[in-house]
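A.B. asks: using only what follows, build the 3D model:
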Amino acid sequence: MLGTRKRWGAVVAAGGITLGAVIGSAGIAGATASVTTQRLAGPDRYGTAAAVASNEFPNGATISIIASGVNYPDALAAAYLSGRLHGPVLLTDPNNLTSTTLNELKTMGSTGVDIVGGPSAVSDSVAGQLKNAGYQVNRIFGSDRYGTAQAIATLFDKSFVANLGTGGPTAILATGLNFADALAAGPLSYGQSLPILLTDPNSLPSSTQQALQSLGIKQVVLMGGTAAVSDAVVTQLQSMGITVMRVAGSDRTQTAAALADNVEYGILNWPQTEANLARGDFYADALACGPLGGTLRTPVVLTLDPNNLGSSTGAFLTEHNGTINAIDVCGGPSAVSDGTVAAAQAAATSH
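C.D. replies: Numbers count the residues shown, from 1 in each chain. As a prediction, this is how the structure comes out:
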């Protein structure tokens, strides 16, 4: 390995592996001389999801997936469904089908729509509007967010769940009470056929346990530190015969970088030529960006806020400035400012 580059470190903890953050400050010899950026955006979260979908599926998609645009759990779990069906994840107002989303369905040439979440997430009124527009509508849901994630994960036979490394059939697990640490998991779920399940921070819900058992899961990628998902959950998982790989940093931006470097670039050897950048303090654009990252085999890294790239993301891009030559930005300037895009471009470019 050239230069003085440091990797995000791996240490044994709680009977599993914790992939944490050790940030290097130097680049690699022969670093990329210039980095191009492309912004995928609409006037709002619905328009951005549509713009990402058009970029990801230029030839359209037979089935599209629709989730609520005002909450995150169902759209997060939908990345696995999106990967299995090769269809985009679009967002809607819960009570009225967003016109931008309807227009994108027409652009996609979709004949079917899978709604993720129950009527309290996406109303029967929206389902009716879709049917009246000529779409075959299927709703995938459970009694709560944990049950909906279970329903999505178990929609397909367990043979579709992939292995990660040598750990056997693998699922991604994140807290169901916050979006922060799970935002970066979309590309991994979509691109590698790893279902995303949700948990209470202190105890595995019965629906999640059932999904893990019925899918024959042997390894879990646990997103976030103990404040997000406690060691009590790790103990429960281990009692089920499941190995736990905790991916954690000091905040969501460092957790995203750890996932990219150790798992997507590391274990999976995804090409290190491109990265996706999305707002880290809000969920909508990063969730829409997940399937795109899975299609292109590119990780999603997160900003601290719209106007601040954040030191962890900046360090990650600098660490990989020998290979990254393009950054796709998910969201408009109000989500990721032009100045933040310029800072990302500068971090990934050799000097």
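A.B. asks: C-alpha from now on. contacts and neighbour counts both.
C.D. replies: Noted.
A.B. asks: buried ones in stretch 155-168?
C.D. replies: 158, 160, 161, 162, 163, 164, 168 (16 or more other Cα atoms under 10 Å).
A.B. asks: next, format those as JSON lines and append distance to residue 49.
C.D. replies: Formatted as JSON lines, the buried residues of stretch 155-168 follow (distance: Cα to Cα, whole Å):
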{"residue": "158", "distance to residue 49": "29"}
{"residue": "160", "distance to residue 49": "26"}
{"residue": "161", "distance to residue 49": "26"}
{"residue": "162", "distance to residue 49": "27"}
{"residue": "163", "distance to residue 49": "29"}
{"residue": "164", "distance to residue 49": "28"}
{"residue": "168", "distance to residue 49": "33"}
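A.B. asks: report the two of the residues you listed separated the most.
C.D. replies: Farthest-apart pair in these is 158 and 164; separation 14.5 Å (Cα to Cα).
A.B. asks: just give the number of residues close to residue 146.
C.D. replies: When neighbours are counted by other Cα atoms under 10 Å, residue 146 registers 25.
A.B. asks: got the phi and psi for it?
C.D. replies: Per-residue torsions, residue 146: phi -70, psi -40 (degrees, to the nearest 10).
A.B. asks: residues contacting it?
C.D. replies: Listed by Cα atoms under 8 Å, 6 or more residues apart in numbering, the contact partners of residue 146 are 176, 197, 198, 199, 205, 207, 208.
A.B. asks: the same query, at a cut-off of 7 Å, please.
C.D. replies: Taking Cα atoms under 7 Å, 6 or more residues apart in numbering, we find residue 146 in contact with 198, 199, 207, 208.
A.B. asks: which of those residues tops the neighbour count?
C.D. replies: residue 198 (28 neighbours).
A.B. asks: could you pull out the helices for the stretch 251-351 of the chain?
C.D. replies: Remark: helices assigned in the stretch 251-351 of the chain by DSSP state H, counting those that start in this stretch are 252-258, 284-296, 311-319, 338-348.
A.B. asks: what is the first one packed up against?
C.D. replies: Judged by 3 or more Cα pairs under 7 Å, 6 or more residues apart in numbering; DSSP states H and E, helix 252-258 is in contact with strand 300-302, helix 311-319.
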